[in-house]
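**Student:** From the sequence below, what's the structure:
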Amino acid sequence: MSAADFRKLADLFPDETVTHSYVQDIQLPAAGGKPSAGTFALITLDNGLDHSKPTTLGPNTLVELGTVLEGLKDRAARGEIVGVGVTGKPYFLVAGADLSAVKSLNNRDHGLWMAQLGHDVYATLANLGVPSFAFINGVALGGGLEIALQSTYRTVSTGAGALALPEAFIGLVPGWGGVYILPRLIGPENAVKVMIENPLSNNRTLTGPQAFGLGMADAVFEPADFVEQSLAWAAGVISGDVAPERPNAVDPADPAVAGRWAGAVAAGRAFVESKTSNASPAPAKVLDIMEANRTMSQADSAALECETLAGLMQTDEFRSTVYAFLDLVQKRTKRPAGAPDRKLARPVTKVGVVGAGLMAGQLALLFARQLKVPVVMTDIDQARVDKGVGYVHAEVDKLLAKKRISPDAANRTRALVTGSVSKEAFADADFVIEAVFEELNVKKQVFAEVEAIVSPECILATNTSSLSVTAMAADLVHPERLVGFHFFNPVAVMPLLEIVRAPKTDDAVLATAFELAKGLKKSAVLVKDAAAFVVNRLLLRLMGEVTAAFDEGTPAEVADNALRPMGLPMTPFTLGAMVGLPVAQHVQESLHAAFGDRFTVSQNLQKLIDNGVKSLWAPEKGPDGKPFIPAETLALLSFGTSPSTGEEVLRRTQDALAEEIGLMLDEGVVAGPEDIDLCMILGAGWPMFLGGITPYLDRVGASERVNGKRFLAPGVASAAVAA
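**Tutor:** Numbering: from 1, shown residues only. Predicted coordinates for the structure are as follows:
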């Protein structure tokens, strides 16, 4: 492609927030007995905004960087500079490609141009005629990390966080050289870890020291004088006094490396299968390119990367991922639909937790750690109280042992959490949350007792997963003070909070709940008081359909694996065992009472519960390596004579989910399908490439089969309809 073509591409994005390339000439410190190692050109990538606005790589940014690099290449040819460095504004090298720009490339040719533009610019960086250096001072994701990989040498700050090639997670491939360079630099096994295992494990990233340990950087320095240390190190490299060692680097032409390469790719494919059931095309494409490029030139690999990128940019899985990641997780969580004005929120200086069991302990720890306010737990006797407080203190000790909390912070957190057998301890609390048995009358009694003690302004919250908040508030003197505050297990890990508004819940209470969620570092979604709210209602509808198919005579392995094309984090029967069969059945019964036969109550499941069986599958695999149902478990069950195929169970479940979501939207449970998707992503761990759930149901036709219309307009999480 010509420079004119790249300029045409850039002109398509007049509103791009450009990351500019600012060049500064620096006289390198003396090295090798010379007064100076020479003039060094340092490029700083900066969009002129604060650290809340990451630097990204859009077409205009790349064109400007390419122009600057071409100028430096000319200067190098004239002997004016001895090296070129690239670093970033505080906290960032570059946070990767501008996903908003990439998502808007509806023309495949434009996507190909974007891929080729990046390669063209990075090839200039790699071939300046003088050594190039990347000084990784902060976040370096995707194309940002590939800038560093394309440089001749790299340093990294110990303070740098979030180094990664997350493209397999996003629905793309590391398309600007990373998939070629990385396995040669750090070995094929480590490369698969960075490009496949980390992205598909909740988008895990590396710290600066971790990246250095893998061999992704040649030197590591402290953040206080990182650039100065990096420049001194670069001077040593240029003068020949410093010779970087790369112990993990490999030559793919080595026969021994060829075997390792093939083994790493095979292990990567097995990992992808286990995590996604190959429901998203991108991870396999990463491995396809890595497998092929072992015997390729870098130029041939670049061509393959560009073609692959151009194709993936047009897939619905990529567009669903960008919708989920950018539009929902990055943006919608910051401005929750329906949340009242935050100015109405009241201060919370003390929290009460009713109960001292496992969930109560998790809540107490979270409130104390994040809000740094006193938290008091109560229960019916001292032994239970002591056990609950002891759990919190033990968890703090674990955090301290893992160095995830400082000794001072550990001491403060322990001191903040206390216990009492009397609810009088809540007298000066601003917020009291119950975490007792999931039984309506028990919860009503708890709130009646608490309301008699606390101030009129104290907010009462329930962590119920399925019961009516309205019913809980019915007998309160101030029903407007009660709000649903539904956490997901494990509390420390799961980011979602379903904030439930009952008919009388007032705006100040809601505003306080949303501010608390923010303080707890949770993402809150406002939901109407309807049985099981969002996540559990949909999960139980899904599990109910699969269980019903099993009860009708569908073989267990067929029923449990029918949803694998969706790429969910676990199978329905595994999910049921993890939640606990009695808990799942209890919620299913609540939903059956609320909504009737859409939520069937399985008699087979009840038989398992009555006999103390915790999982349908045996804890160990069978001789053939597959799950099996123990004979004594099977003897408890009875089945119908109407088995289904896996395809039939999948379609049945798709249609059931489309029906339930349609009804939830008609009922006003949430503001829109976007909130359904956000809940499933953050509360159930559903894949980004599904877009949560509604884009997937649109894609497979279930939305229109059941409701006669799509949930989302074309172009929101899928390709736009051509004009």
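**Student:** quick one: buried residues of the helix or strand encompassing Ala548?
**Tutor:** Per DSSP states H and E: Ala548 is located in helix 535-551. For helix 535-551, the neighbour count (16 or more other C-beta atoms under 10 Å) marks 535-551 as buried. No exception for glycine: its C-beta is placed from N, CA and C like everyone else's.
**Student:** so after it, what's the next helix or strand?
**Tutor:** In N-to-C order, the element after helix 535-551 by DSSP H and E is helix 556-561.
**Student:** mind checking how far the next helix or strand after that next one is from the chain centre?
**Tutor:** From helix 556-561 onward toward the C-terminus, using DSSP H and E, the following helix or strand is helix 572-579. When C-alpha coordinates are averaged (C-alpha atoms, centre = their mean, to the nearest Å), helix 572-579 and its chain have centres 21 Å apart.
**Student:** List the buried residues for helix 572-579?
**Tutor:** Within helix 572-579, the residues scored as buried using 16+ other C-beta under 10 Å are 572-577, 579.
**Student:** Also stretch 643-654?
**Tutor:** Within stretch 643-654, the residues that count as buried by 16+ other C-beta under 10 Å are 643-644, 646, 649-654.
**Student:** Then stretch 213-233?
**Tutor:** Neighbour counts using 16+ other C-beta under 10 Å place 214-221, 223, 226-227, 229-233 of stretch 213-233 among the buried residues.
**Student:** Quantify the burial of Asp381 by counting its neighbouring residues.
**Tutor:** 10 (other C-beta atoms under 10 Å).
**Student:** swap in Ala631?
**Tutor:** For Ala631, the neighbour count with other C-beta under 10 Å is 8.
**Student:** Equivalent analysis for the one 5 residues further on, please.
**Tutor:** For Leu636, the number of neighbouring residues by other C-beta under 10 Å comes to 14.
**Student:** Leaving out sequence neighbours, find the closest residue to it.
**Tutor:** Spatial nearest neighbour of Leu636, chain neighbours left out: Lys607 (4.7 Å); criterion: C-beta to C-beta, 6 or more residues apart in numbering.
**Student:** Distance check, Gly161 against Gln150.
**Tutor:** 22 Å (C-beta to C-beta, to the nearest Å).
**Student:** More neighbours: the two, which one.
**Tutor:** Higher neighbour count among Gly161 and Gln150: Gln150, with 27 against 14, using other C-beta under 10 Å.
**Student:** Just say helix, strand or coil for Ile26.
**Tutor:** Assigned with DSSP: H, G, I helix; E, B strand; the rest coil, Ile26 falls in the strand class.
**Student:** And it, what's its pLDDT?
**Tutor:** Per-residue confidence (pLDDT) for Ile26: 96.
**Student:** Over to Lys34?
**Tutor:** Among the per-residue scores, Lys34 shows a pLDDT of 61.
**Student:** Repeat that for Ala3.
**Tutor:** Predicted confidence (pLDDT) for Ala3: 69.
**Student:** helix, strand or coil for the residue nearest to Ile433 when sequence neighbours are not counted?
**Tutor:** Distances taken as C-beta to C-beta, 6+ apart place Ala461 nearest to Ile433, at 4.1 Å, with adjacent residues excluded. Secondary structure, three-state DSSP: Ala461 is strand.
**Student:** Which positions are bridged to Ala461 in the beta structure?
**Tutor:** Taking DSSP bridges as the rule, Ala461 bridges to Ile433, Val483.
**Student:** List the contacts of it.
**Tutor:** Contact partners of Ala461, counting by C-beta atoms under 8 Å, 6 or more residues apart in numbering, are 431-434, 482-485, 513.
**Student:** 10 Å - rerun?
**Tutor:** For Ala461, the contact set (C-beta atoms under 10 Å, 6 or more residues apart in numbering) comprises 351-354, 363, 431-435, 447, 469, 481-486, 499-500, 509, 512-513, 516.
**Student:** Of these, which belong to helices?
**Tutor:** Those of these mapping onto helices are 363, 447, 469, 509, 512-513, 516, per DSSP state H.
**Student:** Pick the one among these closest to Gly701.
**Tutor:** Val469 (35.6 Å; C-beta to C-beta).
**Student:** Now do the same contact list for that closest one.
**Tutor:** Val469 sits next to 443, 461-462, 479, 482-486, 500-505, 527-530, 533 when contact means C-beta under 10 Å, 6+ apart.
**Student:** Weed out the non-buried ones from those residues.
**Tutor:** For the contacts of Val469, a neighbour count by 16+ other C-beta under 10 Å gives the buried set as 443, 461-462, 479, 482-486, 500-502, 504-505, 527-530, 533.
**Student:** Can I get the buried residues of helix 572-579 in TSV including pLDDT and distance to Arg404?
**Tutor:** Listed next are the buried residues of helix 572-579 as TSV, based on pLDDT from 0 to 100; distance: C-beta to C-beta, whole Å:
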residue	pLDDT	distance to Arg404
Pro572	96	33
Phe573	96	34
Thr574	93	28
Leu575	94	28
Gly576	94	31
Ala577	94	29
Val579	90	27
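**Student:** Format those residues as JSON lines; extra columns: distance to Pro90.
**Tutor:** Compiled in JSON lines, those are given as follows (distance: C-beta to C-beta, whole Å):
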{"residue": "Pro572", "distance to Pro90": "47"}
{"residue": "Phe573", "distance to Pro90": "49"}
{"residue": "Thr574", "distance to Pro90": "44"}
{"residue": "Leu575", "distance to Pro90": "43"}
{"residue": "Gly576", "distance to Pro90": "48"}
{"residue": "Ala577", "distance to Pro90": "47"}
{"residue": "Val579", "distance to Pro90": "44"}
